[in-house]
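A.B. asks: Pasting a predicted model and its sequence here:
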Amino acid sequence: MFESVSLSTQARVFQCPNCKETIDTATQECRFCSAAIDPGAAEAAADAMARVNQACSDASYLKVMGVSVPVFLVLIFIPFAGWLGIVGYYFLVFATPVMAIRWWVRFGRVETEDREFGRGKRTVIIVGAVVSVLLLNQLANLALMFVRALR
């Protein structure tokens, strides 16, 4: 009933080097400015564009994770939702810095003038730093509890 489409048959797009309009890699000339398109350069540009788009998407997920941390923190104090709050809060406090590091490893060296990528990079820095402080606080509390238990 449903057909799966392989990545090789999906339409891939990139910005025309001449007019900056988004066009398909299968075209031989830009439909907007009629500039000739080199197939190899088109594929490389489409790969770069896909990488930037993935970086922006991952940064958006990190932003949602960062905004969810205080939501779960508030849930801790609501009757019958406390366990959900505790589990969600601790999961996000540990997972968000890991995801931020993963983002930097995958996309930290990407060079582009894309504005969305710049915003995503700032988001990763801010969310990663804030939640890392929360993680360090939790680890310090855990270490303090361990030291007190040894006494």
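C.D. replies: Received it, and whenever you're ready, just let me know what you need. Numbers count the residues shown, from 1 in each chain.
A.B. asks: okay, which residue is most central for this protein?
C.D. replies: residue 58 (1.5 Å; CA atoms, centre = their mean).
A.B. asks: Return the set of buried residues in the strand or helix carrying that residue.
C.D. replies: Residue 58 is part of helix 39-75 when elements are defined by DSSP states H and E. By 16 or more other CB atoms under 10 Å, the buried positions in helix 39-75 come out as 42, 45-46, 48-49, 52, 55-56, 58-59, 62-63, 65-66, 69, 72-73, 75. Quick note: C-beta positions are derived from backbone N, CA and C, even for glycine.
A.B. asks: now swap in stretch 132-141 and tell me
C.D. replies: Within stretch 132-141, judged by 16+ other CB under 10 Å, the buried ones are 134-135.
A.B. asks: from the chain's centre, how far out does it sit?
C.D. replies: Remark: stretch 132-141 is offset 23 Å from the chain centroid, using CA atoms, centre = their mean, to the nearest Å.
A.B. asks: average model confidence for that stretch?
C.D. replies: Averaged across stretch 132-141, pLDDT comes to 92.
A.B. asks: Same question for stretch 111-123.
C.D. replies: So the average pLDDT for stretch 111-123 ends up being 94.
A.B. asks: what does that stretch rub up against?
C.D. replies: With contacts defined as CB atoms under 8 Å, 6 or more residues apart in numbering, stretch 111-123 is touched by 48, 52, 55-56, 58-60, 62-63, 66, 110.
A.B. asks: same thing but 10 Å
C.D. replies: 15, 48-49, 51-53, 55-63, 66, 100, 103-104, 107-108, 110 (CB atoms under 10 Å, 6 or more residues apart in numbering).
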